[in-house]
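J.: here is a sequence with its predicted model. Questions after.
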Amino acid sequence: MAKQREYCDVAVIGGGAAGLTAAIYCGRARLKTVLFEKALPGGLATYTSEIENYPGFPEAIPGTALMKLFEKQAKRFGVEFKLTAVKQADLTGGEKVISTFRTDYVAKAVIVASGGKPRLTGAIGEESFLYDKGISFCATCDAAYYTGKKVLVVGSGDAAIEEAMFLTKFADKVQVSVIHDRGIVDANEVAKEHAFANPKLEFIWNTVVDEFRGGERLQQVVLKNIKTGELSPVDVDGCFLFIGYLPDTDLFKGQVEMDGRGYIPTDDNMATNLPGVFAVGDVRVKGLRQVATAVGDGAVGGVAAERYLAEKAYFDEQIMGGSCPTVVYCWNPTDPVCRSLMSDVEKLKEKYREQVKVVNVDMYKAGSLAARLGIQQAPALALVSDRAVAYRALECTDVRAIEAELAKMIG
Amino acid sequence: MAEFSLDALGEACPIPLLKVQKKWPDLKGGDVLIIHIDHSCALKNIPEWARKEGHNVEVEEVEDGVWDIYIEKTA
């Protein structure tokens, strides 16, 4: 089967709240936008039964329902959805290539919104019971299956406690393994209060998972007391792990800069170390990972990608793509020196008329455009010929040097 | 390369995945299994399982809330 090749303006990797928002902004800017999601659009939010703190929904809304609205909105703006895993991503060049098992997508800009994946305990036997053999990461998905049964929840953060409470509506008994001392959980105060008052919840303090046991399906979880080392087997029908997330960034290792844990640092505009590659949402180095903050990231990243593409097109066509030599004047309109030099540039333009093209770059508005020419400080002049910078006059006070170069060039 | 299809419409998790796992030994390398589902939870665990086993997965949204999952068995 030969690989197909498709072209787009922006590729968004990941269909959670951040990725969908970035896609909405790109789609609305009329960019050809393709969004890649390996499972259900909506991301981590779809694993939450009720979202209570996303503004605009005064009554709590199920995670799946909220994300369905995001998806609908993205589709309205013409975003193309590819529900498949990205197998490989080459992000270093000017053309970025995103490969799925059937198709190579060539994109001008990429927004990484790959979020995280659930952390595992690493306990003995864990691998054997993943994926519907007893270990689950999604109470919303699997709770009904455990109606009248007995389950163990591992963890004590917001997700663990809130989902444990949700599970008590179905399961007969819900036990919670917490690593901390008696009475200490990482969840918010409201959840904590409700949880401690819930008679169906039983906490097992100072414990971590030592081993998962069973036949075809999970039957027993062996907990280890971290203080005494004592092992205690707990018979269960299922076990839910809520012990945090790890960034899903293996695909981008060695290309995109990451911190020690694999999260991607960005600047205020969601730009990564690679030109044309942006990162938004949970995958980014940031303080608070919520739907509300993911949406903010997505909006900023989407607009940044749009600006990057507009600037790149201007640079390629207007500055580098002239059929005759191009003089680029990088100036700052508020600077008197720059303003007086402008009249010299105008005279140069008059003098050489048909033989030269003159482009002015306002450093205040488009500093990054000048940076592409290797110019950081106004006033400065650059001479471009045959798609390359032939000469630079930095910190210049007149146009003599550039005129001499130009004269040589056009003979 | 044969193509098989499974109807799991109207079925909740984990039934669709169990159906796939039951059917799986009948497939040879290169064969494709198409599962029709309308419960979004199966869109998480079926691709997750199949990818972990090393197979290729692609999903198509047939209409709003109805999906076909394509799994290609690697040799």
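T.: Great, that's in hand.

J.: which stretches of the chain form helices?
T.: No chain in the question, so chain A it is. A:17-28, A:63-76, A:139-142, A:158-167, A:189-197, A:291-314, A:336-352, A:363-372, A:400-410 (DSSP state H).

J.: that was the other one, I meant chain B.
T.: B:15-23, B:42-52.

J.: which one of the helices of chain A lies closest to A:A123?
T.: helix A:158-167 (16.4 Å; CB to CB). C-beta here means a position set from N, CA and C on the backbone, and glycine is covered the same way.

J.: neighbouring contacts of that closest one?
T.: A:47-50, A:139-140, A:143, A:146, A:151, A:153-154, A:174, A:176, A:185-188, A:191-192, A:194-195, A:198, A:201, A:240, A:242-243 (CB atoms under 8 Å, 6 or more residues apart in numbering or on different chains).

J.: got it, and stretch A:340-355?
T.: With CB under 8 Å, 6+ apart as the criterion, stretch A:340-355 contacts A:324-325, A:327, A:329, A:331, A:356, A:358, A:360, A:379, A:381, A:396-399, A:402-403, A:406, A:410.

J.: kindly report the same for stretch A:89-99.
T.: Residues from elsewhere that reach stretch A:89-99 (CB under 8 Å, 6+ apart): A:3, A:11, A:13, A:36, A:86-88, A:104-110, A:251-252, A:255-256, A:274-277.

J.: with stretch A:292-300 instead?
T.: By CB under 8 Å, 6+ apart, stretch A:292-300 touches A:16-25, A:53-55, A:113, A:268-270, A:280-282, A:284, A:286.

J.: which PyMOL command selects the buried ones in those?
T.: Only the buried entries of those go into this PyMOL selection, using 16 or more other CB atoms under 10 Å in any protein chain shown:
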select buried, chain A and resi 16+17+18+19+20+21+22+23+24+25+54+113+270+280+281+282+284+286
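
J.: rewinding a little: winner for burial among the helices of chain A?
T.: helix A:17-28 (a mean of 29; mean count of other CB atoms under 10 Å in any protein chain shown).

J.: okay, the closest residue to A:V337 other than its chain neighbours: pLDDT?
T.: Spatial nearest neighbour of A:V337, excluding adjacent residues (CB to CB, 6 or more residues apart in numbering or on different chains): A:P379 at 6.3 Å. In this model, A:P379 is scored at 93, pLDDT.

J.: how many neighbours does A:P379 have?
T.: Residues near A:P379, counting by other CB atoms under 10 Å in any protein chain shown, number 25.

J.: which ones are touching it?
T.: A:329-332, A:335, A:337-338, A:341, A:395-397.

J.: quick check: residues of chain A near chain B?
T.: Contacts of chain A with chain B, taken as CB under 8 Å from any CB of the partner chain, map to A:38-40, A:46, A:64, A:81, A:83-85, A:100-102, A:130-132, A:138, A:140-142, A:144-145.

J.: which of the contacts of helix A:158-167 are buried?
T.: A:47-49, A:139-140, A:143, A:146, A:151, A:153-154, A:174, A:176, A:185-187, A:191-192, A:195, A:201, A:240, A:242-243.

J.: which of those residues fall within strands?
T.: Mapping those onto strands (DSSP state E) picks out A:151, A:153-154, A:174, A:176, A:201, A:240.

J.: returning to what we had before: could I have the ChimeraX command that selects the buried members from the residues of chain A next to chain B?
T.: Entered in ChimeraX, the line below selects the buried ones among the residues of chain A next to chain B, by 16+ other CB under 10 Å:
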select /A:38,39,40,46,64,81,83,84,85,100,101,102,130,131,132,138,140,141,142,145
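
J.: sorry, back to before: the residue nearest to A:V337 and chain B, how far apart?
T.: 55 Å (CB to the nearest CB, to the nearest Å).

J.: from memory A:Y329 sits against A:L381, does it?
T.: Yes: with contacts counted by CB atoms under 8 Å, A:Y329 reaches A:L381, the gap being 5.7 Å.

J.: can you list the residues of chain B near chain A?
T.: So chain B meets chain A at B:12-14, B:17-18, B:40-41, B:43-45, B:47-49, B:51-52, B:56-61, B:67, B:72 (CB under 8 Å from any CB).

J.: and these, which of them are buried?
T.: Here, 16+ other CB under 10 Å leaves B:12-14, B:17, B:40-41, B:43-45, B:47-49, B:56-59, B:67, B:72 buried among the residues of chain B next to chain A.

J.: which residue is the nearest non-sequential neighbour of A:H194?
T.: A:M165 (6.2 Å).

J.: report pLDDT for that neighbour.
T.: In this model, A:M165 carries a pLDDT of 93.

J.: ok, the nearest residue to A:K3 once chain neighbours are set aside - contacts?
T.: Leaving aside its chain neighbours, A:K3 sits nearest to A:D104 (5.6 Å; criterion: CB to CB, 6+ apart). A:D104 makes contacts with A:3-6, A:97-98, as judged by CB under 8 Å, 6+ apart.

J.: give me that answer again for 7 Å
T.: By CB atoms under 7 Å, 6 or more residues apart in numbering or on different chains, the contact list for A:D104 reads A:3, A:5, A:97.

J.: any chance of the contacts of A:P379 in TSV, plus distance to A:V221?
T.: Output for those, formatted as TSV (distance: CB to CB, whole Å):
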residue	distance to A:V221
A:Y329	71
A:C330	65
A:W331	69
A:N332	66
A:D335	70
A:V337	74
A:C338	71
A:L341	75
A:E395	70
A:C396	73
A:T397	77
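
J.: give me the buried subset of those.
T.: Using 16+ other CB under 10 Å as the burial test, the contacts of A:P379 include A:329-332, A:338, A:341, A:396 as buried.

J.: farthest pair within those?
T.: Of all pairs in the buried ones among the contacts of A:P379, the most separated under CB to CB is A:N332 and A:C396 at 13.5 Å.

J.: what's the burial count for the closest residue to A:I264 other than its chain neighbours?
T.: Closest residue in space to A:I264, ignoring its immediate chain neighbours: A:A279 at 4.2 Å, by CB to CB, 6+ apart. Per other CB under 10 Å, the neighbour tally for A:A279 reads 33.

J.: partners of A:A279 in the sheet?
T.: A:V112 (DSSP bridges).

J.: right, and it touches A:M270 too?
T.: Yes: counting by CB atoms under 7 Å, A:A279 sits close enough to A:M270 to count as a contact (6.1 Å).

J.: can you get me a residue count around the nearest residue to A:K82 once chain neighbours are set aside?
T.: Spatial nearest neighbour of A:K82, excluding adjacent residues (CB to CB, 6+ apart): A:F36 at 5.0 Å. By other CB under 10 Å, 23 other residues sit near A:F36.

J.: from chain B, how far out is A:E202?
T.: A:E202 is 25 Å from chain B, by CB to the nearest CB.

J.: who is that residue paired with across the strands?
T.: A:Q175.

J.: could you check the pLDDT of it?
T.: So A:E202 comes in at 95 (pLDDT).

J.: surely it and A:Q175 touch.
T.: Yes: with contact defined as CB under 7 Å, A:E202 and A:Q175 form a contacting pair (4.8 Å).

J.: the more surrounded of the two?
T.: A:Q175 (22 against 11).

J.: ok, now which ones touch that one?
T.: Contacts of A:Q175 by CB under 7 Å, 6+ apart are A:152, A:202, A:204, A:234.

J.: and those residues, which of them are buried?
T.: Using 16+ other CB under 10 Å as the burial test, those include A:152, A:234 as buried.
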